[in-house]
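*Asks:* Output the structure for:
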Amino acid sequence: MGSAHLKVLESFHVSYDGEPVRLPRSAQRVLAFLALYDRPLQRPYVAGSLWLDLPEERAHASLRSALWRLHRRGQGLVEVSAQQLALGREVEVDLRASEALARRVLDDSSLDPLEVDASSLCGDLLPDWYEDWLLVERESHRQLRLHALETLCERLTRAGCLHKALEVGLAAVAGEPLRESAHRALVSVHLEEGNLTEAIRQYRLYRKLLSTQLGVEPSERMQVLVRDLDVAQAVR
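*Replies:* Okay, here's the model as predicted:
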C-alpha cells in the first residue's frame, strides 16, 4: 500500500505516493466531507448533506457516481460498505494533524513551544469553497487554531524566543484582524523586546480598525496593557 495525503487547509489537493491525484469536483466534495469526520458515516447522511437541493433518489445517484469515480483511482481513498462510508484508513489529512497539534498546544503545558511548527496552524478550511456543510466546521477550526496561535505566542514570549513569538503573533492577527486577544499577544511581544514604539503602533492600528469597522474602543484589558507600562500618554 502506498501513502495518500489529503490537503483541505487553504486549498484542496490529493496526492498518492507523492503524485497528484486529479478528481472531478463531485469526488473532491465527498473526500472533503469525509475528512471532517474521524468515523464512518451513513450513506444517506452523506448524500443528503452534499446534495441538499436534490430529491433523495438523485442525491443517492450523485453519490454513487462520485464513489465510482473515486473507486476508479484504486488507491483506497474511501472505504465503502452497503450502509456506510469512511475516509481510507491510510489517508493522512492535514486538517486532522492541524487540530491535533492545536489541542496539544492548548492542553499540554509541558510541550516545548520551540518544537512546534506553527505553519500547520495558519490555514483555514477550504476558504474558497462555498458549501453550507463547511461553514460550522470552518469556523470551529478557525477558532481552535487562533487560540492555539495566541497561546503559542505567549509561551514563546515567556521562553524569550521573541522573533518566533512575533511571527506567530502576526499569524494570529492575520487570521482575524479584529481579534483583540491576538493583538494583545503581539503588543506583549513588542513590549518584551523593549520596542515601545512598535507596541504603540500595534495598539493604534487595532484601535483604528475597531473604530472604523465597529465603532467601538479597545477593551479595558487592552488599555491597561499599555497604560501600566507608562505609555498611556503616547497612545491617547
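*Asks:* Helices along the protein, start to end?
*Replies:* Secondary structure of the chain by DSSP state H: the helices cover 25-35, 43-50, 56-73, 94-107, 132-158, 162-175, 180-193, 196-213, 220-227, 232-235.
*Asks:* Out of those, which gets nearest to Leu6?
*Replies:* Closest to Leu6 of those, according to Cβ to Cβ: helix 25-35, at 5.7 Å. Where you see a C-beta, it was placed from the backbone N, CA and C, and this is true even at glycine.
*Asks:* Return the set of buried residues in the closest one.
*Replies:* Ser26, Ala27, Gln28, Arg29, Val30, Leu31, Ala32, Phe33, Leu34, Ala35 (16 or more other Cβ atoms under 10 Å).
*Asks:* is it true that the fourth one touches Ser65?
*Replies:* No - using Cβ atoms under 8 Å, Arg29 is not in contact with Ser65; the gap is 11.6 Å.
*Asks:* Walk me through the domains of this protein.
*Replies:* 4-89, 112-235 (automatic domain parsing).
*Asks:* Dump those domains to TSV, plus distance to Val105.
*Replies:* Listed next are the domains of the chain as TSV, based on distance: least, Cβ to Cβ, whole Å:
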stretch	distance to Val105
domain 4-89	16
domain 112-235	4
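*Asks:* Can you add mean pLDDT and distance to Ala102 and give these back as CSV?
*Replies:* Output for those, formatted as CSV (pLDDT from 0 to 100; distance: least, Cβ to Cβ, whole Å):
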stretch, mean pLDDT, distance to Ala102
domain 4-89, 93, 12
domain 112-235, 92, 4
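*Asks:* and of those domains, who's closest to Arg96?
*Replies:* Using Cβ to Cβ, the domains of the chain put domain 4-89 closest to Arg96, at 6.8 Å.
*Asks:* From one end of the closest one to the other, what's the distance?
*Replies:* From its first residue to its last, domain 4-89 covers 10 Å (Cα to Cα, to the nearest Å).
*Asks:* Adjust the sequence numbering to begin at 22 for everything that follows.
*Replies:* Yep, numbering from 22; the last one is domain 25-110 now.
*Asks:* how far does it sit from the chain's center?
*Replies:* Relative to its chain's centre, domain 25-110 lies at 21 Å (Cα atoms, centre = their mean, to the nearest Å).
*Asks:* for stretch 141-161, same thing?
*Replies:* Distance, centroid of stretch 141-161 to centroid of chain: 7 Å (Cα atoms, centre = their mean).
*Asks:* Figure out which of the domains of the chain is closest to Ala121.
*Replies:* domain 133-256 (9.5 Å).
*Asks:* And the helices of the chain: which comes nearest Lys28?
*Replies:* Per Cβ to Cβ, nearest to Lys28 of the helices of the chain: helix 115-128, 5.0 Å.
*Asks:* Extract the C-alpha set from the closest one and format it as PDB.
*Replies:* What follows is helix 115-128, C-alpha atoms only, in PDB (Å, rounded to 0.1, in the frame of the first residue of the first chain):
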ATOM      1  CA  ASP A 115      -3.700  17.900   7.100                       C
ATOM      2  CA  LEU A 116      -6.900  19.100   8.900                       C
ATOM      3  CA  ARG A 117      -6.600  16.300  11.500                       C
ATOM      4  CA  ALA A 118      -2.900  16.900  12.000                       C
ATOM      5  CA  SER A 119      -3.500  20.600  12.500                       C
ATOM      6  CA  GLU A 120      -6.300  20.100  15.000                       C
ATOM      7  CA  ALA A 121      -4.300  17.500  16.900                       C
ATOM      8  CA  LEU A 122      -1.400  20.000  17.200                       C
ATOM      9  CA  ALA A 123      -3.600  22.800  18.200                       C
ATOM     10  CA  ARG A 124      -5.100  20.700  21.000                       C
ATOM     11  CA  ARG A 125      -1.600  19.800  22.200                       C
ATOM     12  CA  VAL A 126      -0.600  23.400  22.300                       C
ATOM     13  CA  LEU A 127      -3.700  24.300  24.400                       C
ATOM     14  CA  ASP A 128      -3.700  21.200  26.600                       C
END
